[in-house]
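K.L.:
pasted the sequence and its predicted model underneath.
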Amino acid sequence: MTPLPRTTSLLLNVAHAIDHMFLLIFATAVGAIAADFGIARWEDLMPYGVGAFAMFGLGSLPAGRLGDLWGRRRMMIVFFFGMGACALLVALTRSAWQLAAALTLLGVFSAIYHPVGIPMLVQRSPRPGLTIGFNGLAGNLGVAMSALVTGAVLKYAGWKAAFAVPAVAALACGALFAYAAPAESVAPARRAPTRAMLGKRALAHIFAIVTVASISGSLLFNFTTNGNGELLRERLHGIIDDPAMLGVLLALVYVGGALAQVSVGILLDRVPLKTLYAGIVVVQAPLFLLAANATGWLLYALMFAFMIVVFGAIPFTDAMIVRYVDDRMRSRVSGMRLAVAFGVSSLAVWLLGPLVKASGFRALLLLMAAIAFVTFCVVMLLPRSTLGGLNADDAAAAAGD
């Protein structure tokens, strides 16, 4: 099978950036939005964003099914135009409940990307690990852009423009994707098998590990990406107070974490998955524990370090699906695990404000250390493999472990 055209691959990676950026504009702008709506504390507005993250997970199940049965190209066109339209809708809101409804609808369309866009990107890739690594880089550059672009636009044009400007870019990308992406002659579910499938028992074992690891990893991702802005603002108070500069510092953290994903992607094609995954998650908990009591530039350095390992762990759930699941049903399997994982991890957005308001960021960082330890324990349950790389077809060996 020939690789995807470069323009299509590029737009699929841009879509990953759009997905994460749009979901985190609210977290970056929450202080300004709260002030505009007459809400005294940003923590009190934060729970209104939970609908977006709940639908980001729950919507993955139907999105994955439609991706396999209806077509991934069609679903990605829906993604681009849906994200753009919903972001414009958010910019028009005038109350907390209007905002909550618009963000929830944004979450519905954001759910499309992971179970549809990533399988579409890797289905023709000769080096899936590297492809996943660069895709992770793109997604987390979107996280960085949410801090950098939103911080700058907030300063000069207000929070409504912070949603409206990216919305126009998403609509333009949608038009280009519809023009450039090759048509699918047949939906993925109706294609011939591409690999031998695991037995039901082995597949259930892998799916359980992937789902639990995805839940814990997504909790860490949501706690950090939604809380880091306010954490920096609190712990760097008196050192740097300019919101645009804080946005730059936060963007640098996310860029560092995103670049780490490329290295992980390269290693995924060469190193046994379990060994690499365990080596990354084992250092997460100690870094969160150190950050719990850190302030100033030490906190910033520790944030840089823990975001590298939080982002560095992200590619593994997609890598496990590539390793063990035939392409005909990857969108559906991804949708099932994302519906559970992202649905549960959306609680992080709801809990973040009340938890920090009641107990402070120290308690949040200690909780994240405990979650990281759970992730490590789950990863150790993965099947053993002496082979390295996602191209090594060791599914049969894994089934016998």
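P.N.:
That came through, no problem.
K.L.:
measure residue 121 to residue 262 for me?
P.N.:
15 Å (Cβ to Cβ, to the nearest Å). Using the backbone N, CA and C atoms, a C-beta is placed for each residue, glycine as well.
K.L.:
looking at the two, which is more packed in?
P.N.:
Using other Cβ atoms under 10 Å as the criterion, residue 121 and residue 262 rank with residue 121 on top: 24 against 18.
K.L.:
wait, residue 15 touches residue 75, no?
P.N.:
No. Between residue 15 and residue 75 there is no contact, the gap being 10.8 Å when judged by Cβ atoms under 8 Å.
K.L.:
of those two, which one has the most company?
P.N.:
residue 15 (28 against 21).
K.L.:
state the pLDDT value of the more buried one.
P.N.:
Confidence at residue 15, expressed as pLDDT, is 96.
K.L.:
look up phi and psi at it.
P.N.:
phi -60, psi -40 (degrees, to the nearest 10).
K.L.:
swap in residue 274?
P.N.:
phi -60, psi -40.
K.L.:
before we move on, what about residue 71?
P.N.:
Per degrees, to the nearest 10, the backbone of residue 71 is at phi 130, psi 130.
K.L.:
now residue 31: how far from residue 296?
P.N.:
To residue 296, residue 31 is 21 Å away according to Cβ to Cβ.
K.L.:
among these two, which residue is more densely surrounded?
P.N.:
The neighbour comparison of residue 31 against residue 296 (other Cβ under 10 Å) goes to residue 31, with 19 against 13.
K.L.:
ok, the more buried one - contacts?
P.N.:
Counting by Cβ atoms under 8 Å, 6 or more residues apart in numbering, residue 31 touches 42, 230.
K.L.:
in terms of helices and strands, where is it?
P.N.:
Assigned by DSSP states H and E, residue 31 belongs to helix 6-37.
K.L.:
after that helix, next one along is what?
P.N.:
helix 42-45.
K.L.:
packing partners for that following helix?
P.N.:
helix 6-37, helix 347-379 (3 or more Cβ pairs under 8 Å, 6 or more residues apart in numbering; DSSP states H and E).
K.L.:
which residues of the stretch 251-400 of the chain fall in helices?
P.N.:
Using DSSP state H, counting those that start in this stretch, the helices of the stretch 251-400 of the chain run over 273-281, 284-291, 296-312, 315-324, 330-345, 347-379, 395-400.
K.L.:
go on, the stretch 1-150 of the chain?
P.N.:
Under DSSP H, counting those that start in this stretch, the stretch 1-150 of the chain gives helices at 6-37, 42-45, 50-58, 60-69, 72-91, 96-110, 118-122, 128-157.
K.L.:
now the third one against helix 347-379, angle please.
P.N.:
For helix 50-58 against helix 347-379, the angle by axes from the mean of the first three to the mean of the last three Cα atoms, to 10 degrees is 40 degrees.
K.L.:
other SSEs contacting helix 50-58?
P.N.:
So helix 50-58, by 3+ Cβ pairs under 8 Å, 6+ apart, packs with helix 6-37, helix 96-110, helix 330-345, helix 347-379.
K.L.:
the fourth one now?
P.N.:
When contacts are defined as 3+ Cβ pairs under 8 Å, 6+ apart, helix 60-69 sits against helix 72-91, helix 330-345.
K.L.:
single out the most deeply packed of those helices.
P.N.:
Counting by mean count of other Cβ atoms under 10 Å, helix 330-345 has the highest mean neighbour count of the helices and strands packed on helix 60-69, with a mean of 24.
K.L.:
for burial, what's the neighbour tally of the nearest residue to residue 296 once chain neighbours are set aside?
P.N.:
Using Cβ to Cβ, 6 or more residues apart in numbering and skipping the chain neighbours, the partner closest in space to residue 296 is residue 239 (6.1 Å). Residues near residue 239, counting by other Cβ under 10 Å, number 11.
K.L.:
do you know how far residue 239 is from residue 360?
P.N.:
19 Å.
K.L.:
just the buried residues of the one helix or strand residue 203 maps to, please?
P.N.:
When elements are assigned from DSSP H and E, residue 203 belongs to helix 200-235. Neighbour counts over helix 200-235 (16 or more other Cβ atoms under 10 Å) mark 202-203, 205-207, 209-233, 235 as buried.
K.L.:
which secondary structure elements does it sit against?
P.N.:
helix 6-37, helix 243-268, helix 296-312, helix 315-324, helix 330-345, helix 347-379, helix 395-400.
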